[in-house]
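# Provide a 3D model corresponding to the input given below.
(chains A and B)
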Amino acid sequence: MFIIKNLQASIIDEKQTMQSILRGINLTINPGEVHAIMGPNGSGKSTLANTLAGREEYQISQGEVQFNGKNLLTMLPEERASEGLFLAFQYPVEIPGVNNMYFLKAAVNSIRKQRQLPLLDAMDFLALIKHKIKDVGLDESFLYRAVNEGFSGGEKKRNEVLQMLMLEPSLAILDETDSGLDIDSLQVVAQGVNSLRDGKRSFIVVTHYQRLLNYLVPDVVHVMLQGKIVKTGGKELALELEEKGYGWLENQVIV
Amino acid sequence: MVGKSGDRMTVMIDSIRTKHPQHLFLIFVDGVLTSESDALLDAEFCVKQQLLRLPKNSRLKKPLHYIFIQTKNEVALNHKIILEEGSELCLIEECISSSGKISLSIDMVLHPNSKLDWYQLQPVDSTVQIKQLRDSKIERFSFMNEPAVSKEKIQVDLMEPGAECQLRGLYSLTNQQQIEHTLIVNHQAEHCQSGMLYKGILGGKSRAAFRGKVHVHPAAQKTQAYQANHHLLLTNEAEALSKPELEIYADDVKCTHGATTGQLDSDAFFYLRSRGIDQANAKQFLLNAFADEVINAVNNKKMSHYMSELFHV
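Next up is the predicted model:
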């Protein structure tokens, strides 16, 4: 249901030169699967996540992405969300003056409207979110604050997981959601994802650290180096990387 | 009033009256007070054509709502407003012009301990001189998004200790609209407070110029003066000019000023869209957030709500 073929993307850097970041990504994700993507800094993991979400700064020169049989790359970010894609950001932005609850309700109902589901009224929405906010271990008061404003790193990531639980995507991409988190927050993230694993929903978990994968056990592990997936394996591959680092793979890659 | 334009005016007035059933209306057409106004000539208050005086310790329970309608080319109106000691007033001025220009020239004196809550909506050409005596307080809110060209010049003299003046403005321009704000606050006595918070959203080829000056005289110790002017540019052609000035001659004061000109936060815009919110709504979220800082600063909740409605149209 999610197929990436030869995806190539670049970005214009601060010196106005085109930098090639994704150099031919191939990936197939079947319903219900959890794919972990690991790799050193600069390998293009975040670029992949943001390109799939529709960030316009990245220019796609080649390749295609099929999501539920549709061409993802021609869809606007809000259309991708309605189709069922969700990105948990690595660095969630603060939005002063925009109320967290008001934003979440607008998001949930935008997507429900696109899917031709009945919209939630204020009462139903409040009941639902009060329930879910407990699951991510955030106090209800966070609903009345501006989006991510003044939230700690852990709280911001929990807010991402809350949104994921509320929007019920069919493909969720977690972009280093575990980076900088303490064990408690880490377990909250893992629990959030695991609670959504229903055999149909798929996940791409971009991670820098193997630790998350103890709680969130992947079906497939990929390693990205210099804009390409260079190795694919089972969950043992993550352990091997933790032990050996990325050097042994870098030596194998002939550019 | 007759004719199509007259009908349109009637509709607008009726709509304003319906929104504010509690207000006392004074309606001026081309500078003349019309009989459609509410009767205000009781013994307590003196409202002639151009003078509004509130006697000592009086309080007009209902907000006073001026509607200035102008159908001819140019009309100049001079008003004098005097709040005697201890009096309180909530004053709203709305300008509706079908063509040309309304020039409003307002002279105000606030006697000790008096209080004015003042809203100016859609001013076209406004010159205001305010003298504040001991412990008097003014909160003024100016809102503009309709006139093609708008100019506002406000000068406040804080003449005696304890006086306070808050000047807030919100404007949203598009097409080729132009606006010019000149605000001058003179701190002439100690322990006075002033604040300027002006924010503008500029689209199309609109232009905004803001000049804010705070002058703190040598005698004005313990002054607190804040100035902030922020512009949000929505297009490449829009232009903002911001010139904050602080002239400080006393040495025990707290003064700040800040001016920014920027665009919509693209990260925030993308974040909202990535959650399924379409472009138009995502943009509106961010514009509302920008404006709300000014709207929420309005203490009078009914008026704050009205400002919010005007902005969100």
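# C-alpha from now on. contacts and neighbour counts both.
Noted.
# and chain B, which residues reach chain A?
Contact residues, chain B versus chain A (C-alpha under 8 Å from any C-alpha of the partner chain): B:267-268, B:270-279, B:285-286, B:288-290, B:292-293.
# so of these, which ones are in strands?
Among the residues of chain B next to chain A, none falls in strands (DSSP state E).
# for chain A, which spans come out with low pLDDT?
Residues of chain A meeting the criterion pLDDT under 70: A:253-255.
# Separate out the buried members of the residues of chain B next to chain A.
B:268, B:270-279, B:285-286, B:288-290, B:292-293 (16 or more other C-alpha atoms under 10 Å in any protein chain shown).
# ok, back up a step: which ones among the residues of chain B next to chain A lie within helices?
The helices, defined by DSSP state H, take in B:267-268, B:270-274, B:279, B:285-286, B:288-290, B:292-293 from the residues of chain B next to chain A.
# Farthest-apart pair in the residues you listed, please.
By the measure C-alpha to C-alpha, B:S274 and B:E293 form the most distant pair in these, at 25.3 Å.
# how about the residues of chain A near chain B?
A:53-55, A:77-82, A:86-87, A:93-98, A:103, A:106-108, A:110-111.
# Repeat the analysis, applying 7 Å as the threshold.
Residues of chain A that fall close to chain B, judged by C-alpha under 7 Å from any C-alpha of the partner chain: A:53, A:77-79, A:81-82, A:93, A:95-98, A:107, A:110-111.
# Quickly list what the residue of the stretch 51-200 of chain B found nearest chain A is bridged to.
Nearest residue of the stretch 51-200 of chain B to chain A, counting by C-alpha to the nearest C-alpha: B:K199, 14.1 Å away. Beta bridges link B:K199 to B:L170, B:H230, judged by DSSP bridges.
# for the one 10 residues further on, same thing?
Under DSSP bridges, the beta-bridge partners of B:A209 are B:E180, B:L241.
# Quick check: it vs B:P244, distance?
11 Å (C-alpha to C-alpha, to the nearest Å).
# Please apply the same query to B:Q224.
Taking C-alpha to C-alpha, one finds B:Q224 at 16 Å from B:P244.
# swap in B:S126?
Distance of B:S126 to B:P244, computed by C-alpha to C-alpha: 20 Å.
# Strands of chain A, start to end?
So, for chain A - with DSSP E - the strands run A:2-12, A:18-29, A:34-38, A:59-67, A:70-71, A:85-88, A:95-99, A:146-147, A:171-175, A:202-206, A:220-225, A:228-233.
# Which among the ones you listed is found nearest to B:C90?
Among those, strand A:95-99 sits nearest to B:C90 (C-alpha to C-alpha), with 27.7 Å.
# Sheet partners, orientation included, of the closest one?
Strand A:95-99 has these strand partners (DSSP bridges): strand A:146-147 (antiparallel).
# gap between stretch A:79-98 and the chain center?
Stretch A:79-98 has its C-alpha centroid displaced from the chain centroid by 9 Å (C-alpha atoms, centre = their mean, to the nearest Å).
# Not counting that stretch itself, show me its contacts.
Outside stretch A:79-98, the residues that touch it by C-alpha atoms under 7 Å, 6 or more residues apart in numbering or on different chains are A:53, A:72, A:111, A:114-115, A:146-149, A:156, A:160, A:164, A:169-177, B:267-268, B:274-276, B:285, B:289-290.
# what's the answer for stretch B:77-84, then?
Taking C-alpha under 7 Å, 6+ apart as the rule, stretch B:77-84 contacts B:31, B:50-56, B:103-111, B:114.
# Which ones among the residues you listed lie within helices?
Of those, none are assigned to helices by DSSP H.
# and these, which are buried?
Buried, going by 16+ other C-alpha under 10 Å: B:31, B:52-56, B:103-111, B:114, out of the contacts of stretch B:77-84.
# Minimum pLDDT in the residues you listed, which residue is that?
Within the set of those, pLDDT is lowest for B:G31 (75).
# Could you pull up the residues touching that residue?
With C-alpha under 7 Å, 6+ apart, B:G31 has these contacts: B:V75, B:L77.
# Now with 8 Å, please.
B:F68, B:I69, B:Q70, B:V75, B:A76, B:L77 (C-alpha atoms under 8 Å, 6 or more residues apart in numbering or on different chains).
# B:S150 too?
By C-alpha under 8 Å, 6+ apart, the neighbours of B:S150 are B:P123, B:V124, B:D125, B:Q178, B:I179, B:E180.
# and if you look at B:R275?
B:R275 neighbours (C-alpha under 8 Å, 6+ apart): A:E78, A:A81, A:F86, A:A107, A:V108.
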